[in-house]
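Visitor: Show me the folded form of this:
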Amino acid sequence: MHHKPTYIFIFLCFFLSVSIANSQSAKQKELEAKRQKYQNELKQINALLFSDRKKEKSLVSLVEDLNYKISVRRNLIRITNDQANLLTREINANQNEITSLRNQLKELKASYADMVVKSYKSKSEQSRVMFLLSSDNFKQAYKRLQYIKQYANYQKEQGELIKAKTLKLQELNTDLSRQKKDKDKLVLDNKQVKKQLEVELREQEDLMASIRKNLSNYTSQARQKQQEINRIDKEIDRLIREAIAASNKKAGKKTSSSKFVLTPEAKALARNFESNKGKLPWPVQKGVVKVRYGKQPSPIDRTVSINSQGVKIATEKGTKVRAVFDGVVSQILVIPNANPVVMIRHGNYITVYKNMSKIYVKKGDKVNTKQEIGEVFTNRSTGETMLGFGVYKDSKTQNPAIWVYKM
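Guide: Residues are numbered from 1 along each chain as shown. Coordinates of the predicted model:
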């Protein structure tokens, strides 16, 4: 009797189904982690931007806050939909596998029952002995003995296979029940999130209607705000170029270079900074990124561009600012009609902390990771507490989100 190919096929099918199940399970975990991230972000947004609606925020700030909240809520809906769709595919696959297993079990049990009947009819020791003694020669007798053993083993294997498939069927039914409950919960959660989104979209439309009545004035304010940001960024760029020139001159190198010439100690510090890419702590203990890095349209007038050389983090009043890595305070920048800026050098990297109200450090101070360097400024008229944070490699800006943990 040759049953090995059948068992190999069954094993391969089982291995394949386990691999697919594992990959789907990994995908579900990944999606759930993202869903949790967006849910936590919404909680932070509500706590930091919407906790006190009595404060007189400007229309522009309200629109910015609401736009941010809506974008996060849309991401949450998208991820939840992806989860529900994946669960639907898993449920369908499980149902198909259950049907297939039931059919296999039916066939196996019928085959096994047939074997038991045949075995019962020829189970007497006498009939087996007669079967062996009636052989024409020793070779045939040996083959018949092997056949009896194989038949007994096969019967045992079939019994084990039925038991294994029955257990697998029970597991699949349990999984199916859990998956259906999970999907029902996701669908219900998403309904509530969509309902809240509809409320926010109506609120957004009302705010934008108020802005459109005097759009030219708000557009002018947005352009003026960007000019103010550009003025501060230009001054930071100039100071970084000057720091590179002074550092390189001290090292006896060309002053026109746009890159720092590093001492062995500064090289080691830069390497440590680089090795922590994506793992740096946030510059504030609690916060949400309200404005991201790079060029983006203004939420008020999409013809106006916002060019952000770093990120803007909304946080709580009185929040302390922390150095994100070991380094040396290279500059405390005080610009007329703007709040102070602290610049910390980490080899050929510089981290920049804008919109400070209090400064706890001075130029030349060595600082450690998470050391408090000052406080974030709170705008009295809007109630907003916003830290500007940037990362530079030599004289070029970097996206802080790729450096700071889960930003």
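Visitor: so where do the helices sit in the chain?
Guide: 4-49, 59-121, 125-133, 138-212, 215-250, 264-275 (DSSP state H).
Visitor: got the angle for the fourth one vs helix 215-250?
Guide: It refers to helix 138-212. 120 degrees (axes from the mean of the first three to the mean of the last three C-alpha atoms, to 10 degrees).
Visitor: hang on, isn't D182 packed against L86?
Guide: No: at 10.4 Å, D182 and L86 do not qualify as touching, with contact defined as C-beta atoms under 8 Å. In short, each C-beta sits where N, CA and C put it, glycine included.
Visitor: What's opposite the nearest residue to L239 once chain neighbours are set aside in the beta bridge?
Guide: When the adjacent residues along the chain are set aside, L239 lies closest to Q331, with 5.4 Å between them (C-beta to C-beta, 6 or more residues apart in numbering). Q331 has these beta-bridge partners by DSSP bridges: M343.
Visitor: what's the neighbour count on the closest residue to S58 other than its chain neighbours?
Guide: Nearest non-adjacent residue to S58, counting by C-beta to C-beta, 6+ apart: T382, 5.8 Å away. For T382, the count of nearby residues is 15 (other C-beta atoms under 10 Å).
Visitor: Likewise for N85?
Guide: Residues near N85, counting by other C-beta under 10 Å: 13.
Visitor: before we move on, what about K370?
Guide: With other C-beta under 10 Å as criterion, K370 counts 15.
Visitor: Tell me how far it lies from V288.
Guide: Distance, K370 to V288, by C-beta to C-beta, to the nearest Å: 19 Å.
Visitor: avg pLDDT for stretch 383-400?
Guide: For stretch 383-400, the mean pLDDT works out to 94.
Visitor: domain parsing for this protein?
Guide: Per automatic domain parsing, the domain ranges recorded for the chain read 4-212, 221-402.
Visitor: Correct me if wrong: N307 contacts Q227.
Guide: No: N307 lies out of contact with Q227 (C-beta under 8 Å); the separation is 10.8 Å.
Visitor: Have a look at those two and say which one is more surrounded.
Guide: Between N307 and Q227, counting by other C-beta under 10 Å, N307 is the more crowded of the two (12 against 9).
Visitor: Neighbours of the residue nearest to the more buried one when sequence neighbours are not counted, how many?
Guide: Residue nearest to N307 in three dimensions, not counting chain neighbours: K295, with 5.2 Å by C-beta to C-beta, 6+ apart. When neighbours are defined as other C-beta under 10 Å, K295 has 8 of them.
Visitor: Do I have it right that K295 meets V304?
Guide: No: K295 lies out of contact with V304 (C-beta under 8 Å); the separation is 11.3 Å.
Visitor: if we can go back for a sec, among the helices of the chain, which comes closest to S357?
Guide: Taking C-beta to C-beta, helix 215-250 is the member of the helices of the chain nearest to S357, at 15.5 Å.
Visitor: quick one, that closest one and helix 59-121 angle?
Guide: Here helix 215-250 runs at an angle of 80 degrees relative to helix 59-121 (the same axes, to 10 degrees).
Visitor: What helices and strands are in contact with helix 215-250?
Guide: helix 59-121, strand 305-308, strand 327-333, strand 341-346, strand 349-354 (3 or more C-beta pairs under 8 Å, 6 or more residues apart in numbering; DSSP states H and E).
Visitor: And the third one, what's buried?
Guide: By 16 or more other C-beta atoms under 10 Å, the buried positions in strand 327-333 come out as 327-333.
Visitor: now that strand: mean pLDDT?
Guide: On average, strand 327-333 scores 95.
Visitor: Give me the distance between it and the centre of its chain.
Guide: With C-alpha atoms, centre = their mean, to the nearest Å as the basis, strand 327-333 stands 33 Å off its chain's centre.
Visitor: Can you list the neighbours in contact with it?
Guide: 235-236, 239, 243, 269, 340-346, 350-351, 359, 361-367, 373 (C-beta atoms under 8 Å, 6 or more residues apart in numbering).
Visitor: Any of those buried? List them.
Guide: 236, 239, 243, 269, 340-346, 350-351, 359, 361, 365, 367, 373.
Visitor: Neighbours of P281, how many?
Guide: 15.
Visitor: List the backbone torsions phi and psi for it.
Guide: The phi and psi values for P281, taken as degrees, to the nearest 10, are phi -70, psi 160.
Visitor: any idea how far S275 is from it?
Guide: Going from P281 to S275 by C-beta to C-beta gives 15 Å.
Visitor: repeat for I70
Guide: Distance, I70 to S275, by C-beta to C-beta: 37 Å.
Visitor: Quick check: which ranges of the chain have low pLDDT?
Guide: 1-24, 52-57, 108, 112-133, 135, 141-142, 144-145, 147-159, 162, 254-256 (pLDDT under 70).
Visitor: Which residue, neighbours along the chain excluded, lies closest to A84?
Guide: Nearest to A84 is L186, by C-beta to C-beta, 6+ apart, at 4.7 Å.
Visitor: The one you found: what's it in contact with?
Guide: Residues counted as contacts of L186 (C-beta under 8 Å, 6+ apart) are 80, 83-84, 87.
Visitor: Return the residue of the protein that is most distant from the centre.
Guide: When distances to the mean C-alpha position of the chain are computed (C-alpha atoms, centre = their mean), the maximum falls on D136, with 74.1 Å.
Visitor: For K165, find the nearest of the helices and strands packed on helix 215-250.
Guide: K165 lies closest, by C-beta to C-beta, to one member of the helices and strands packed on helix 215-250: helix 59-121, at 5.4 Å.
Visitor: Who are the packing partners of the closest one?
Guide: Counting contacts by 3+ C-beta pairs under 8 Å, 6+ apart, helix 59-121 packs against helix 4-49, helix 138-212, helix 215-250, strand 288-291.
Visitor: would a markdown table of the ones you listed with distance to E316 be doable?
Guide: Below are the helices and strands packed on helix 59-121 laid out as a markdown table (distance: least, C-beta to C-beta, whole Å):
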| stretch | distance to E316 |
| --- | --- |
| helix 4-49 | 6 |
| helix 138-212 | 22 |
| helix 215-250 | 23 |
| strand 288-291 | 11 |
